[in-house]
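Trainee: Structure, please.
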Amino acid sequence: MEAMAFSETTSFKLNLPQGTRISGRWKGGRYVVQRLLGKGANGVVYLVKQEKNAKLYALKLGFDTLDIQSEINVLKALQRQRWRRGAAERDLAYLVEVDDFTYRGREIPFYVMRYVQGEPLSAFLARRGGRWLDVAGYNLLQQLRRLHGSGWVFGDLKPENVLVAAYGEVELIDYGGVTAIGHSVKQFTEWYDRGFWDAGSRSADPGYDLFSFAVVCIHLLAERPLKKAAIQLPQTRSRQDLLAIINSTPQLVPYRGWLQKAINGEFADTQEACRQWKELVSANFSPKRKARPSTPRWILGAFAVSLTLLACALYLTLRF
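Mentor: Below is the predicted model of the structure:
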């Protein structure tokens, strides 16, 4: 069974081969498709190269104008907020361009955003090892913290929507599920959905993303038991299945306490979740002091006898 994405948007098939040129109708921007980055219920994300300067970007083609405009509004809001905070230049290029692309007689809206040269989270961990989840996970939580601080929930959090660079730097690449806090999550993928596990509502709150993040961790480090739990009937499937996996999987031991709190919705906010993840990462990387081996008792006894004999010899020598 594969996790399925759900959205209110009806999609159509769009599969652009490598080398396809995407030309903006209004602004004239020209981009060349390099490869597919990901597919969602409301659009497709490609890695593209801008013709005029050969820079790489992530370009999302949307299936619905109103739906993609909602994503663009989110990105603009995030960008304005970072301007006000005096963010670094890299962060200011959050949204590069917005335009339309004519494809087979249909106008398809698209937007271009920055691209972190990396690979999907699952591929990154498969190549570098599961312990890199410590760093990549912390950076992902920081991304979510900034998003939540701006009044939004990511919603459709899954490994395919997370790109990781060489040193664990993280970028979210598809904002199709981003929802204002307090509204109903508009797009989700069932495995990572709180409602799918009968663990809470589909109301957009920071805890929803933290729950999804926890299931992402379980998926990456314990995929087989997660698949087995997911195929149960909805009447029997619950958060207890996830907690049982956390408690029984050795690879999840370093994260057990954090994951339990996320699944149970016990974090006060995302800042607390980030702080506790950082603490567990620090504990994981702290060098363990090796206990000195205890001295065998027979050696201690022999040493005591030797001291006694030496004292007697000195006494006899000095006396006579």
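Trainee: can you pull out the helices in the stretch 1-150 of the chain?
Mentor: 65-84, 89-92, 121-128, 133-149 (DSSP state H, counting those that start in this stretch).
Trainee: out of those helices, nearest to residue 104?
Mentor: For those, distance to residue 104 was read as CB to CB. The smallest value, 16.5 Å, belongs to helix 65-84. Every C-beta, even on glycine, is put in place using the N, C-alpha and C of the backbone.
Trainee: could I get the closest one in CSV with only the CA atoms?
Mentor: Once non-C-alpha atoms are left out, helix 65-84 reads as follows in CSV (Å, rounded to 0.1, in the frame of the first residue of the first chain):
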residue,chain,number,x,y,z
THR,A,65,-5.1,29.2,-11.0
LEU,A,66,-6.8,30.0,-7.7
ASP,A,67,-5.1,27.2,-5.9
ILE,A,68,-1.6,28.1,-7.0
GLN,A,69,-2.3,31.8,-6.3
SER,A,70,-2.9,30.8,-2.7
GLU,A,71,0.6,29.3,-2.6
ILE,A,72,2.0,32.4,-4.2
ASN,A,73,0.4,34.6,-1.6
VAL,A,74,2.0,32.5,1.2
LEU,A,75,5.4,32.7,-0.4
LYS,A,76,5.0,36.5,-0.8
ALA,A,77,4.0,36.8,2.9
LEU,A,78,7.0,34.8,4.0
GLN,A,79,9.3,36.9,1.9
ARG,A,80,7.9,40.2,3.2
GLN,A,81,8.4,38.9,6.8
ARG,A,82,12.0,38.0,6.1
TRP,A,83,12.6,41.4,4.6
ARG,A,84,11.3,43.1,7.7
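Trainee: chain center to that helix, what's the gap?
Mentor: Between the mean C-alpha location of helix 65-84 and the chain-wide mean there is a distance of 21 Å, by CA atoms, centre = their mean, to the nearest Å.
Trainee: contact partners of it?
Mentor: Residues outside helix 65-84 that contact it (CB atoms under 8 Å, 6 or more residues apart in numbering) are 9, 42-43, 60, 62, 91-92, 94-95, 98, 109-111, 113, 146-147, 150-152, 175-176, 178.
Trainee: Can I get the buried part of those as one ChimeraX selection?
Mentor: Only the buried members of the contacts of helix 65-84 end up in this ChimeraX selection, burial being decided by 16 or more other CB atoms under 10 Å:
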select :9,42,43,60,62,91,94,95,98,109,110,111,113,146,147,150,152,175,176,178
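Trainee: isn't residue 156 right next to residue 191, touching?
Mentor: No - taking contacts as CB atoms under 8 Å, residue 156 lies outside contact range of residue 191: 11.2 Å.
Trainee: Domain-wise, how is the protein divided?
Mentor: Domain assignment for the chain by the TED database gives 20-114, 119-285.
Trainee: The residue nearest to residue 14 when sequence neighbours are not counted and residue 68: what is the separation?
Mentor: With CB to CB, 6 or more residues apart in numbering as the measure, residue 44 is the residue that lies nearest to residue 14, at 5.3 Å, once sequence neighbours are left out. When distance is defined by CB to CB, to the nearest Å, residue 44 is 11 Å away from residue 68.
Trainee: who touches both of the two?
Mentor: residue 60.
Trainee: so how many other residues sit close to the residue nearest to residue 110 when sequence neighbours are not counted?
Mentor: Take residue 110 and drop its neighbours on the chain: the residue closest to it by CB to CB, 6+ apart is residue 61, 4.8 Å away. Each residue near residue 61 was counted by other CB atoms under 10 Å, and the total is 20.
Trainee: how about residue 61, what does it touch?
Mentor: 14, 16, 22, 43, 44, 45, 46, 101, 103, 108, 109, 110.
Trainee: returning to what we had before: winner for burial among the domains of the chain?
Mentor: domain 119-285 (a mean of 19; mean count of other CB atoms under 10 Å).
Trainee: In contact with the nearest residue to residue 261 once chain neighbours are set aside, which residues?
Mentor: Setting aside the residues directly before and after it, residue 261 is nearest to residue 267 in space (CB to CB, 6+ apart), at 5.7 Å. With contact taken as CB under 8 Å, 6+ apart, residue 267 is in contact with 206, 207, 210, 261, 273, 276.
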